[in-house]
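*Asks:* what's the 3D shape of this:
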Amino acid sequence: MIVSPLMTVMVDAVRKAARGLKRDFGEIENLQVSRKGPGDFVTAADRKAEATLREALMKARPGYGLVMEESGVIEGQDKTHTWHVDPLDGTTNFLHGVPHFCISVGLEREGTIVAAVIYEPIKDELYLAERGKGAFLNNKRLRVAGRQDLADSLALYGSPYLGRGSHPRLLKELAAVMAVTGGVRQTGSAALDLAAVACGRADLYWERDIKTWDMAAGLLLVREAGGFASSADGGADPMTAGSVACGNEVLQRELVSILRKVGG
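*Replies:* Numbers count the residues shown, from 1 in each chain. Purely as a prediction, here's the structure:
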């Protein structure tokens, strides 16, 4: 397990926000729900969790900037540090009573993600990573799966919200990946998909049209667990590209090759 002042700050903030999410998940029918856009909802729980995280992180590191799903960009005096925060990744799952959602917090230092926490409150699964110190699930060190054959692999993917991104391209990509892998799944949480690859539950994951708060923490988990991550088209920086493809070295390279061949 990683023990550091930075990790203590992040874990404390995430656990505090998670308490409210767990309460609200038990009373979904009583939540106030508003539409952000077609197929994309924000709940009172989402807003409360973000406010809790923002308060805790700003109190502990007052100069750092934030990029948050609901509040957007909050500039800090310290331009070298930025939090990327998703207070409720898997909002649609949450609203439908599906117990698969999480809180995701990643810290970027001078353009590099250096610390990550993803917390799945229903299962009480806490994923941690610091650059150069490895990745952990609770007290267990993580390693990506070692499978070398696509036919044996399990691939995860994310789909764009209604009215965003390219559904026709995704359908082509799905057809191509399904034709060569052992199985394909969509779970509804980008952060937990990345975490699944980091801990070997899944072999591959790809998604387009996602934001930095969706992937910042998960990217570090994958890399610290020995995995490889690029944009969906093979570019070096998923955060800038707004897309991701990850897995172990062999399968990730093959996934990118498939996605490139499909094209737009």
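
*Asks:* which of the residues in stretch 176-187 are buried?
*Replies:* Buried positions in stretch 176-187, judged by neighbour count with 16 or more other CB atoms under 10 Å: Val177, Thr181, Val184, Thr187. The way it works is simple: take the backbone N, C-alpha and C, and place the C-beta from them, glycine included.

*Asks:* going by distance to Asp24, which of those residues wins?
*Replies:* Ranked by distance to Asp24 (CB to CB), these are led by Thr187 at 20.5 Å.

*Asks:* any chance you could map the strands in the stretch 51-200 of the chain?
*Replies:* When secondary structure is read from DSSP state E, counting those that start in this stretch, the stretch 51-200 of the chain shows strands at 64-68, 72-74, 78-89, 102-109, 112-120, 125-130, 134-137, 140-141, 154-157, 183-185.

*Asks:* looking at those strands, which is nearest to Leu6?
*Replies:* Checking these against Leu6 by CB to CB gives strand 112-120 as the closest, at 5.5 Å.

*Asks:* of the strands of the stretch 51-200 of the chain, which is nearest Gln32?
*Replies:* The closest approach between Gln32 and any of these, judged by CB to CB, belongs to strand 78-89 at 14.2 Å.

*Asks:* show me where the chain has helices.
*Replies:* Taking DSSP state H, the helices of the chain run over residues 5-25, 44-60, 91-95, 167-178, 190-198, 212-224, 238-241, 249-262.

*Asks:* for Arg147, find the nearest of those.
*Replies:* helix 249-262 (6.7 Å).

*Asks:* list the buried residues for the closest one?
*Replies:* Within helix 249-262, the residues scored as buried using 16+ other CB under 10 Å are Val250, Leu251, Gln252, Glu254, Leu255, Val256, Ile258, Leu259, Val262.

*Asks:* measure the closest residue to Ala196 other than its chain neighbours to Val11 for me?
*Replies:* Once its chain neighbours are removed from consideration, Ala196 has its nearest residue in Ala202; the separation is 4.2 Å (CB to CB, 6 or more residues apart in numbering). From Ala202 over to Val11 the distance is 24 Å, taken as CB to CB, to the nearest Å.

*Asks:* more crowded one of the two?
*Replies:* Ala202 (24 against 16; other CB atoms under 10 Å).

*Asks:* can you tell which of the strands of the stretch 51-200 of the chain is closest to Phe41?
*Replies:* Between Phe41 and the strands of the stretch 51-200 of the chain, the tightest spacing by CB to CB is seen for strand 78-89, at 10.1 Å.

*Asks:* what pairs with the closest one, parallel or antiparallel?
*Replies:* Here the strand partners of strand 78-89, with direction, are listed using DSSP bridges: strand 64-68 (parallel), strand 102-109 (antiparallel).

*Asks:* can you give me the offset of the longest one from its chain's centre?
*Replies:* Just to be clear, that refers to strand 102-109. Average the C-alpha atoms of strand 102-109, do the same for its chain, and the two points are 9 Å apart (CA atoms, centre = their mean, to the nearest Å).

*Asks:* what do you get for the first one?
*Replies:* Put simply, strand 64-68 sits 16 Å off its chain's centre (CA atoms, centre = their mean).

*Asks:* which outside residues touch it?
*Replies:* Under the contact criterion CB atoms under 8 Å, 6 or more residues apart in numbering, strand 64-68 has outside partners 50, 53-54, 57-58, 73-76, 78-79, 81-87, 107, 212-213.

*Asks:* tell me the mean pLDDT over it?
*Replies:* Averaged across strand 64-68, pLDDT comes to 97.

*Asks:* quick one: contacts for the closest residue to Ile258 other than its chain neighbours?
*Replies:* Sequence neighbours aside, Ala176 is the residue nearest to Ile258 in space, at 5.1 Å (criterion: CB to CB, 6+ apart). Ala176 makes contacts with Ile258, Leu259, Lys261, Val262, as judged by CB under 8 Å, 6+ apart.
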